[in-house]
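> Sequence isn't available, so here's the structure alone:
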């Protein structure tokens, strides 16, 4: 954890911004997969972590806006629990680690909320995404279940977004750690993959690397597939075959739950085929040029569109697209090959703060979210600011069902050479992703560079297959 003063300062700043009432920040509890004691891996709520720092289930916090003081709610372990879990620090000891001296039982939380609510006090809470936390608010404030999320405090949402969006120096150290662990995961994939292996065998090496480094699970379910054209493919049953590409999208976590998120795509063989190399170089150019454009004051939407133009220009050079590049991008023709956004915010969440509202976080009154296919999937569009941490992840995909659908409808026929695409339907997909922090004059890569040029990747693959 950070020093107690860090959490105290964060809570005081939030209280000052909200101004009146009580701020409720709920932690998470353990959740059973199929019965209560067979639990999913525990993950604390990220906003609770940001303000209260304690990575343990069954805790919640209140910040009194009048004083800025924090109150921690939870229960010390009973002897019966200690038999199963082993000894743990007391809540008083845990509270001291994050600058909280007012410790109360779990049962005291709904009572305090109900009493304050009955006296007309404002209760500020974030949109809950777990049923248990929804139920606590429903019962304490006597709100219909269906209205609990709707009644969440927009003022609190915006205040939390404002604080968490700008990463401090100590947070950037955690993010560097997470990205270095992420890089090691990707190197494990590049060094272990061989023709004849199952995707699950390679994925297990990536997962093992995450656990070996820190005991932490990956920051999100690993995507590792020879069918990279399926953007969120979580199946691992395919056998790696010569001539295929393998896409790995994976992230590690720091000791304090900050996330990394990177993607690399490499050949199952020792070298790329010429067709693979041609497409890969286009995706790499989009990745590199987009990163070069990162700086404060530039909208991320404009960088996304520049990446789209680079991809369109490159595919036109291969004879897969045609016509005016700018017109093609304006029409959204590039989205046949690049149907997702260039990137998203990253921090304690791999998609940072999207539980608070994806569009609210990524857009503003100046930059409105598009409804166009492909562009509508850009999670972050607004102007970049110093301290933002984000991903840059352009991709090129050949999705047979989407190609056939557009061909049948004649969509963007002025810009797409559908006949030439027949030779690419079994290609798969390529994505190249890195993580950056926006600085005063540009952007810095987080973590050590992970190989991504054709030469560097082929060098690792040749060594792996020697």
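Noted; the coordinates are in hand. On a predicted model such as this, the values are computed, not experimentally measured, just so you know.
> Can you tell me how far the residue lying closest to residue 250 once chain neighbours are set aside is from residue 247?
Leaving aside its sequence neighbours, residue 250 sits nearest to residue 222 (C-beta to C-beta, 6 or more residues apart in numbering; 4.5 Å). In this view, the C-beta of every residue, glycine as well, is placed from N, C-alpha and C. To residue 247, residue 222 is 11 Å away according to C-beta to C-beta, to the nearest Å.
> before we move on, what about residue 420?
For residue 420, the distance to residue 247 - C-beta to C-beta - is 23 Å.
> quick one, which of the two is more surrounded?
residue 247 (27 against 14; other C-beta atoms under 10 Å).
> Check the gap between that one and residue 232 for me.
In terms of C-beta to C-beta, residue 247 sits 11 Å off from residue 232.
> what is in contact with the two at once?
residue 223 (C-beta atoms under 8 Å, 6 or more residues apart in numbering).
> Check the average confidence over stretch 106-120, would you?
What stretch 106-120 shows for mean pLDDT is 95.
> so how far is it from its chain's centroid?
34 Å (C-alpha atoms, centre = their mean, to the nearest Å).
> how about the strands of the stretch 101-250 of the chain, start to end?
102-104, 123-125, 223-225, 245-250 (DSSP state E, counting those that start in this stretch).
> neighbouring contacts of the helix or strand harbouring residue 24?
Assigned by DSSP states H and E, residue 24 falls within strand 22-26. Applying C-beta under 8 Å, 6+ apart, the contact partners of strand 22-26 are 14-15, 45, 47-48, 51-52, 60-65, 112-113, 116, 121-126, 128, 133, 136-137, 156.
> burial of the closest residue to residue 217 other than its chain neighbours, as a residue count?
In space, not counting the residues next to it along the chain, residue 217 is nearest to residue 41; the distance is 5.3 Å by C-beta to C-beta, 6+ apart. For residue 41, the neighbour count with other C-beta under 10 Å is 8.
> what pLDDT does residue 41 get?
pLDDT, read off for residue 41, is 91.
> Check whether it sits in a helix, strand or coil.
coil (DSSP: H, G, I helix; E, B strand; the rest coil).
> follow-up on the earlier one: backbone dihedrals for the residue nearest to residue 250, please?
Reported as degrees, to the nearest 10, the phi and psi values for residue 222 are phi -60, psi 140.
> how far away is it from residue 174?
21 Å.
> Using PyMOL, define a selection of the buried residues within the contacts of strand 22-26.
This is how PyMOL selects the buried members of those, with burial counted by 16 or more other C-beta atoms under 10 Å:
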select buried, resi 14+15+45+47+48+51+52+60+61+62+63+64+65+112+113+116+122+123+124+125+126+128+133+136+137+156
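> Just the contacts of strand 22-26: which are in helices?
Among the contacts of strand 22-26, the ones falling in helices (DSSP state H) are 14-15, 47-48, 51-52, 112-113, 116, 133, 136-137, 156.
> can you list the weak-confidence ranges in the protein?
For the chain, no stretch is flagged by pLDDT under 70.
> quick one, longest helix in it?
helix 169-192.
> Between strand 245-250 and that helix, find me the angle.
150 degrees (axes from the mean of the first three to the mean of the last three C-alpha atoms, to 10 degrees).
> and helix 169-192, what does it pack onto?
helix 199-214, strand 245-250, strand 262-267, strand 434-438, helix 454-465 (3 or more C-beta pairs under 8 Å, 6 or more residues apart in numbering; DSSP states H and E).
> what's the neighbour count on the residue nearest to residue 250?
Neighbours around residue 222, by other C-beta under 10 Å: 23.
> Likewise for residue 408?
9.
> quick revisit: got a list of what the residue nearest to residue 250 touches?
Counting by C-beta under 8 Å, 6+ apart, residue 222 has contacts 203, 206, 207, 234, 248, 249, 250.
> contacting residues for residue 213?
181, 184, 252.
> can you check residue 450 too?
182, 183, 186, 187, 262, 264, 434.
> same question, residue 394
283, 286, 287, 290, 307, 310, 311, 338, 342, 431, 432.
> same thing but at 6 Å, please
283, 286, 287, 307, 342 (C-beta atoms under 6 Å, 6 or more residues apart in numbering).
> Could you report the separation of it from residue 341?
10 Å.
> Need phi/psi at the residue nearest to residue 245 when sequence neighbours are not counted.
The shortest distance from residue 245 to any non-neighbouring residue, by C-beta to C-beta, 6+ apart, is to residue 428 (4.9 Å). Dihedral pair for residue 428: phi 100, psi -140, per degrees, to the nearest 10.
> ok, so what distance separates residue 428 from residue 399?
10 Å.
> Between these two, tell me which one has more neighbours.
residue 428 (23 against 20).
> Quick check: that one vs residue 408, distance?
From residue 428 to residue 408 the distance is 22 Å (C-beta to C-beta).
> Pull the contacting residues for residue 381.
300, 301, 362, 363, 367.
> do the same with residue 412
331, 333.
> which SS class is it?
coil.
> Check whether residue 311 really touches residue 287, as I assumed.
No. Under the criterion of C-beta atoms under 6 Å, residue 311 is not in contact with residue 287, lying 10.3 Å apart.
> Cheers, nothing more for now.
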